[in-house]
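J.: just the structure for this:
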Amino acid sequence: MEYNFYATVARMKYIERWALMRNTITENLSEHSLEVSMIAHALCVIGNKRYGKSLNAEKAAMIGIYHDTSEIITGDMPTPVKYYNKLIKDAYKSLEDEANRSLLNQLPEDIREAYEDIFFKTEDYAYEWKLVKAADKLSAMIKCMEEEKTGNREFVKAKEATEKAILTLSNELPEVKDFMEEFLSAFAKTLDELN
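T.: Numbering: from 1, shown residues only. Purely as a prediction, here's the structure:
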């Protein structure tokens, strides 16, 4: 029997993000997911090394890779629409869950179980899921910073809202505070400044 899961997931590269905004640098879902994965991994490493936690950095990285795969089916719903009110937010969450279930059903049964806690939150990895959510926000902040660096003012309000959300998260997640203080500003540098 033939299965479509990996071929379907590979289509993440065709889903463009920030569709309602003028972008100087386009970003697709694959690029975004890689960045979220790397940041989530870093946040777990920080948590383990500095705060004595026992987080599974590799699991967080995998959750980051697949965190938005439902958008292959749903498309990228703009944040202002997705969170407009509780009714829309709940309906969209239900749609995301259905899309994820549909994607998992494209795997053979004996493999499917290995992906369950990557696609759906579990108590075993609850903190890792929080860090992936934070990594998602940090990735959005980086996008805003990159657009700002090019002179694009389209992302000014998005940056303000994202920064506020990250600051709230950093009160609960010390790893996020550390990442912001030690790594975030570097994303505004030019290549020459990085070297």
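
J.: show me the residue at the heart of the chain, geometrically.
T.: Residue closest to the average C-alpha location in the chain (C-alpha atoms, centre = their mean): residue 136, at 3.2 Å.

J.: okay, residue 108: pLDDT?
T.: Listed pLDDT for residue 108 reads 97.

J.: show me the shaky parts of this protein.
T.: The chain contains residues with pLDDT under 70 at 78, 80.

J.: going along the chain, name the helices of it.
T.: 5-9, 29-51, 57-66, 71-74, 79-82, 86-104, 109-119, 126-149, 156-172, 174-182, 191-194 (DSSP state H).

J.: the longest one: how far from the chain's middle?
T.: Centroid separation for helix 126-149 versus its chain: 6 Å, with C-alpha atoms, centre = their mean, to the nearest Å.

J.: quick check: angle from it to helix 109-119?
T.: Counting by axes from the mean of the first three to the mean of the last three C-alpha atoms, to 10 degrees, helix 126-149 lies at 60 degrees to helix 109-119.

J.: sorry, back to before: check contacts around the residue nearest to the centre of the chain.
T.: Shown in contact with residue 136 (C-beta atoms under 8 Å, 6 or more residues apart in numbering): 36, 64, 67, 68. (Each C-beta comes from the backbone N, C-alpha and C, glycine too.)

J.: from those residues, which is closest to residue 103?
T.: residue 68 (11.4 Å; C-beta to C-beta).

J.: cool, thanks, signing off.
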